[in-house]
Each structure stands twice: as structure tokens, then as C-alpha cells.
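[1] kindly return the folded structure for what I paste below:
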Amino acid sequence: MAAPKKNTRILILLFVGVLMGALDISIVGPAIPSIEKALHVAARDLSWMYSIYILFNLVGISLMAKMSDTFGRRWIYVIAVAIFGVGSLVVSISHDITLLLVGRAIQGFGSSGIFPVASAVIGDVFPVEKRGRALGLIGAVFGIAFILGPFIAGFMLLYFEWNVLFLINIPIAILIIFFAVRMLPSVRLEKKPDIDWTGIIMMAVVLTSFTLALNNIDTKNILESLGSWSVLPYVLLTLLLAPILLMVEGAAREPVLNVKLFKARQVRIVGFIAFGLGLFQSTIVFLPKLAVDLFGVVPSKASFMLLPVVVATALGSPLGGRMVDKIGSKIIIVSGLIIASVALFLLSLLTKNLWLYYSAEACLGFGLAMRASLSYIMLNEVPVIERASTQGILLIFISIGQLTGAALIGAIAASTPGRPTGFGIAFLVMASLSTSLVILALFLKNRKQELAGKQLI
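    Predicted coordinates for the structure are as follows:
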């Protein structure tokens, strides 16, 4: 086990790497007007700057995580950061939308290895009684990124062209690689690895089909859209390949998706909660639109009205992580789901009381900060050789929840065009789902069982 001082340096290194990837999502919004003007791009095409990043991030997670478990954390983390740096360079020199999207795809693929490997490293170097605070600090990165990103982008765009926002990633990536080679643990293989390429490729196809199907749904005409050529083939492909993927992985010697892990009750429950967490996180995307409808503010101000939820997430993640080390993950997850349920219910009331609206946002941020507890459970439940892969699976569950939630809320909101009533119904549905997950979370291990490592089937 690494010495405490070395652990702290490793944690800082991982924090900076994850922050670099997270910032590249939050700085895109402020940069869009400049990119649109410089490259003469249609607004519809620019939306793919987000979608293609998320898609390639999803596709790469299983591969990067499995390679980390097979070849060691250090070199896969280095490769992931290097790929992200190359993608940043491609984006920064882009002169048209095609090259820009290629760069964003490379960035997304590179970032797919940063977070799961970082979480796995924490499991490797931190003892069980100190993992919670380390995971909480990493979890806080996303809240911090969404606070800092718009301010950094706004300041830099006053003095530089939009390219610099991505070009600055290159020296940061080089520094991360330098220190990662020196500091991160690694292992020497005793046998030739057996990579489950069939599972990796099939999972990539399933996730790609699922993402494209949801992204192509027209929320204003959802039933008609489901039968269109831009959606139906991807839905059918997903439904056809998903059960085949599970069968293939169940028979594989070293599967990228170890379905046998889900025999453990703890893992099954975390999977459901992770999907739910993604659903609830997707509500944040619609809060600026809700603020415009309720308070009549301009869109730019509505974005700043998200501050309570991102600040609460940034503060709640490290606080929740520390509490996990003291009282266990079960209490934190149950409490987080209860707080999220209250927040979603308050938002469903479509209140025009500004302080009540801000309070609901803050509660939502604190509720969603339980994410570190899910990572903590998965690290404790699997052997060392499965740690990164399982963190990757956790991310996939959350991402699928985010995609599903965005489509679901969009469809419900579109049922009452021009009025916020649809958002009220959508948030009430989410509150109901969150409440049901509270009941499920009551079956998680208590602190004594967690520390004992007792398996619950």
C-alpha cells in the first residue's frame, strides 16, 4: 500500500486528469457562438459537439477499463490522456465541422479511460476505510468543472480565439503523462492476456445503436418518430444484440462485461440505482428551460441559475465521501435518494418562489452527490482484476440513464408545448422513481457487512 504522502500526490494527479476531461464538456457551451461564426456552421450540426463526445466516451469505456485491468493502470491512463490530448489538438486546428467532430470523437474516446481508471487506482492504493473521501473528491470534479468551465471560457474568449480553449489541454496532458509515468502503480503480466474482443465490439455496437436511437427521436412526434428510418433500425439492432451480448459474455473466459458479478445482490442494486442516478442527472439539462418558462429570464441568465445545483454537487461529493468512510455507503445512498425525491417533487410543483426553486436545486445537487458511494460499493465487491471494468460498467449504467432520462423528459415536456406543465409531470415521474429506489437501497449492506466483505446473494 502506498505511503500516505504518495497517496495524496496520486489523488491530486487523478483529480487534475478527471478535471481536464470534465472541463472540456462545460467549456463547449460558451464557445459555440465563436465556433459557429468562425466555421460558418449550422446550429443543428453544432449539437453533435456534445453527442459525438458522449457517444465515443460510451463506446470506449468498456475497452479502456478492461485494458486497464489487463495491462495495468499506469499505461492505460497514460494512453487515455495522450489520446485526449491528440483529440484536443485536432479540435484546435479544425477549419471545418467535419474535422472538429473528428477531434471531439477522439477526445471522447480518450476521456473514456480517464475516470474508470482513476476510480480503480483509488481502489488499488487506498484502504477500504479511506476510499470514500478519495472517491468523493474525484466525484466533486464534475460540479467544480461546471462552475469553472463557463468562467474560464468567458475570460479566455475575451482575449483569444476559441481554438485556445482546446489547445491549452495539450501542455496539461503532457504534464499529467509525465507524472503518471512516475507515480501511478502498474503490474507486470504473468500470463498472456485473453482480451474479449467479441464482447468489446458487440457492446460498442449496442451502445452506439442505443445512443443513436435516442438522439434521433423527435420528442414532438415521438410515436411517429419511433417508426422512422432514423430510429427504428437502431432500436431493433439494440433489442436484437443486447440479449446475445449477455449470452456471449456469460460464456466468455475473461468477459468485458462479467454478468456473473450481478449474482451478488449488492451489485444488482447498485446497477438499478446507477441507472436511476443517470435519469435524475438528466433533469439538470432542462432546468434552464424551466427557469425561462417560470421566471421569464433570458437563456443566458437561466444558465447561471444552475449555480445552486452545481455548487451543492461540488460540496456534497467530498462531504458524502468522508461520511461513507465513517457510517457506510447505505445511509449515504438512502439519504441522497430521499433528498433527490424531495427536490424533484418541489420542482414538479413549478413554483415561482425563487428561493424555493433555488432550495430545490441545491437539494438535487446534494442528492446526486451520492455517486461516489456507488463507486465505493463496486470497488469493494469485485476482485482487483475487475476494478476498472466494473467502474466502466457503472459509468455505462449512469450514461444510459442520462440518455433515457433526457428522451423521457423531452417527450413528456413536448406533450404541452409552450407551457411548463409537461416539465411538472416529468419531474413528478422522476420523484416517484427516486422514491421507489429508496426502498431498493434499504437492502444494501450495512457498514458492518461492508467492512467484513460478506457477500449477499
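
[2] what's the domain layout of the protein?
    1-185, 197-253, 258-457 (automatic domain parsing).

[3] just send the ones you listed back as a markdown table, with mean pLDDT too.
    What follows is the domains of the chain, written out as a markdown table (pLDDT from 0 to 100):
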| stretch | mean pLDDT |
| --- | --- |
| domain 1-185 | 83 |
| domain 197-253 | 84 |
| domain 258-457 | 85 |
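
[4] could those go into TSV alongside mean neighbour count?
    C-beta coordinates here come from the backbone N, C-alpha and C atoms, glycine included. Below are the domains of the chain laid out as TSV (neighbours: other C-beta atoms under 10 Å):
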stretch	mean neighbour count
domain 1-185	20
domain 197-253	16
domain 258-457	20
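
[5] all helices of the stretch 1-150 of the chain, in order?
    Taking DSSP state H, counting those that start in this stretch to define them, one finds helices in the stretch 1-150 of the chain at 4-26, 28-39, 43-46, 48-71, 73-92, 97-111, 114-125, 131-159.

[6] between those helices, which one is closest to Leu184.
    Using C-beta to C-beta as the measure, helix 73-92 is the one of the helices of the stretch 1-150 of the chain that comes nearest Leu184, at 4.1 Å.

[7] how about JSON lines for the helices of the stretch 1-150 of the chain, with distance to Ser335 added?
    Output for those, formatted as JSON lines (distance: least, C-beta to C-beta, whole Å):
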{"stretch": "helix 4-26", "distance to Ser335": "25"}
{"stretch": "helix 28-39", "distance to Ser335": "31"}
{"stretch": "helix 43-46", "distance to Ser335": "39"}
{"stretch": "helix 48-71", "distance to Ser335": "28"}
{"stretch": "helix 73-92", "distance to Ser335": "32"}
{"stretch": "helix 97-111", "distance to Ser335": "30"}
{"stretch": "helix 114-125", "distance to Ser335": "22"}
{"stretch": "helix 131-159", "distance to Ser335": "14"}
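
[8] do you know which of the ones you listed lies nearest Ile174?
    helix 73-92 (7.1 Å).

[9] of all the helices of the stretch 1-150 of the chain, which one comes closest to Ala414?
    It's helix 43-46; of those, that one is closest to Ala414 (C-beta to C-beta) at 17.4 Å.

[10] what's the distance between Val231 and Gly422?
    Counting by C-beta to C-beta, to the nearest Å, the gap from Val231 to Gly422 is 21 Å.

[11] hmm, I was thinking of Leu101
    31 Å.

[12] could you do Val81 as well?
    The value you get for Val81 to Gly422, if C-beta to C-beta is used, is 42 Å.

[13] helix/strand/coil for Pro171?
    Using DSSP: H, G, I helix; E, B strand; the rest coil, the structure places Pro171 in helix.

[14] need the contact list for it.
    By C-beta atoms under 8 Å, 6 or more residues apart in numbering, Pro171 lies in contact with nothing.

[15] and if we set it to 10 Å?
    Applying C-beta atoms under 10 Å, 6 or more residues apart in numbering to Pro171 gives the contacts Gly85.

[16] next one: stretch 8-15 to chain centre, how far?
    Between the centre of stretch 8-15 and the centre of its chain there are 20 Å (C-alpha atoms, centre = their mean, to the nearest Å).

[17] using PDB, write out every CA atom in that stretch.
    The C-alpha trace of stretch 8-15 is given here as PDB (Å, rounded to 0.1, in the frame of the first residue of the first chain):
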ATOM      1  CA  THR A   8      -2.100  12.300  -1.700                       C
ATOM      2  CA  ARG A   9       0.100  13.100  -4.800                       C
ATOM      3  CA  ILE A  10      -1.600  10.300  -6.700                       C
ATOM      4  CA  LEU A  11      -5.000  11.700  -5.800                       C
ATOM      5  CA  ILE A  12      -4.000  15.200  -7.000                       C
ATOM      6  CA  LEU A  13      -2.800  13.700 -10.300                       C
ATOM      7  CA  LEU A  14      -6.100  11.800 -10.800                       C
ATOM      8  CA  PHE A  15      -8.100  14.900  -9.800                       C
END
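
[18] got a list of contacts for that stretch?
    Residues contacting stretch 8-15 (C-beta under 10 Å, 6+ apart): 2-3, 77, 114-115, 117-119, 121-122, 124-126, 133-135, 137-138, 140-141, 144, 175-176, 179-180, 182-185.

[19] quick check: Ser434 touching Val342?
    Yes - between Ser434 and Val342 there is a contact at 9.0 Å, judged by C-beta atoms under 10 Å.

[20] and Leu257, how close does it get to Leu440?
    22 Å.

[21] likewise Ser225?
    Ser225 is 32 Å from Leu440, by C-beta to C-beta.

[22] now Val90
    43 Å.

[23] ok, now Leu395?
    20 Å.

[24] try Asp218
    Applying C-beta to C-beta to Asp218 and Leu440 gives a distance of 33 Å.

[25] now do Lys326
    In this view, Lys326 and Leu440 are 23 Å apart by C-beta to C-beta.

[26] try Val285
    From Val285 to Leu440 the distance is 25 Å (C-beta to C-beta).

[27] residue contacts, Leu364?
    Per C-beta under 10 Å, 6+ apart, neighbours of Leu364: 280-281, 283-284, 287, 308-309, 312-313, 339-344, 346-347, 427, 430, 434.

[28] give the contact list for the nearest residue to Ile54 once chain neighbours are set aside.
    Spatial nearest neighbour of Ile54, chain neighbours left out: Gly108 (6.6 Å); criterion: C-beta to C-beta, 6 or more residues apart in numbering. Counting by C-beta under 10 Å, 6+ apart, Gly108 touches 21, 24-25, 50-60, 83-84, 87.

[29] now swap in Ile83 and tell me
    60, 64, 106-114, 173.

[30] format these as CSV; extra columns: distance to Met370.
    Output for these, formatted as CSV (distance: C-beta to C-beta, whole Å):
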residue, distance to Met370
Gly60, 25
Met64, 25
Ile106, 32
Gln107, 28
Gly108, 25
Phe109, 28
Gly110, 27
Ser111, 23
Ser112, 23
Gly113, 24
Ile114, 21
Ala173, 30
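
[31] quick check, nearest of the residues you listed to Leu207?
    Gly60 (9.9 Å).

[32] you'd agree the closest one is up against Gly87?
    No - with contact defined as C-beta under 10 Å, Gly60 does not count as touching Gly87 (11.3 Å).

[33] what is in contact with those two at once?
    In contact with both Gly60 and Gly87: 105-106, 108-111, using C-beta under 10 Å, 6+ apart.

[34] can you put those residues in a markdown table and add distance to Phe210?
    A markdown table is the format used below for these (distance: C-beta to C-beta, whole Å):
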| residue | distance to Phe210 |
| --- | --- |
| Ala105 | 17 |
| Ile106 | 22 |
| Gly108 | 16 |
| Phe109 | 17 |
| Gly110 | 22 |
| Ser111 | 19 |
